[in-house]
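**Student:** show me how the following folds:
(2 chains)
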Amino acid sequence: MKNPLDSLWGTVISGVVLTAVLVVFARNFLG
Amino acid sequence: MENIDIVAALSRWIHFMAGVMWLGLLYYFNFVQVAALKNATADGTAAGIAKHVVPRALLFFRWAAVVTWLAGAALLGPLFVDAFLLRNGMGPIGIGAWLGTIMLINVWLVIWPNQKKILGMTPASDDEKSKARRVAFLTSRANTMLSIPMLFFMAGGWSHRALFGL
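**Tutor:** A predicted model of the protein is given here:
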């Protein structure tokens, strides 16, 4: 599988996905 | 005005200015320089960029990262520990602070040592330079990726609270 960080779009999309994951984490697990 | 207000105001101002320089140069490297150097290498014009632009950009890049982190720590002040332990309502900004800290560590412990090999500031064989180029590139890209959630959580205010429940 190609590393998504090799392309700029892959980098940006990975960052947006990570943001969404962290928002879910923050909403559900942080006081 | 309380002294702590002055420290917070100055820290916030410096944090923003240094952060703009740090991320501005990070985005310059990723969105402009990588592709430009590739094209310049192909037509034999890369030497000037590598000699005059890259070292200067890296100098401001790595020190802006330090200033950004220190000003951010000063801005957190007594809430520093709460932020990094993600407690007492400091969770969202704490996530931003953790991401920024990981990025700072990447700059100083991975990107800069490898860039020194690439630029010939520390001795390295062609094979080591080739490996250093790949590691520095991927770490720089990882920092660009991390900057996206980092800025989301750093800039979290009332809009985030209303829209995302943070």
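
**Student:** looking at chain B, which helix is longest?
**Tutor:** The helix that spans the most residues within chain B, counting by DSSP state H, is helix B:126-154.

**Student:** can you give me the buried ones in it?
**Tutor:** Using 16 or more other Cβ atoms under 10 Å in any protein chain shown as the test for burial, helix B:126-154 gives B:132, B:135-154. C-beta here means a position set from N, CA and C on the backbone, and glycine is covered the same way.

**Student:** which positions in chain B make contact with chain A?
**Tutor:** Contact residues (Cβ under 8 Å from any Cβ of the partner chain) of chain B with chain A: B:30-31, B:86-89, B:91-92, B:95, B:138, B:141-142, B:144-149, B:152-153, B:164-166.

**Student:** go again using 6 Å as the cut-off
**Tutor:** Taking Cβ under 6 Å from any Cβ of the partner chain as the contact definition, chain B meets chain A at B:86, B:91-92, B:95, B:138, B:141, B:144-145, B:148-149, B:152, B:164-166.

**Student:** widest-spaced pair of those?
**Tutor:** The span of the residues of chain B next to chain A, defined through Cβ to Cβ, is set by B:Leu138 and B:Gly165 at 33.8 Å.

**Student:** so where's the chain uncertain?
**Tutor:** Because you didn't say which chain, this covers chain A. A:31 (pLDDT under 70).

**Student:** hmm, no, I was thinking of chain B.
**Tutor:** Scanning chain B for pLDDT under 70 picks out the ranges B:1.
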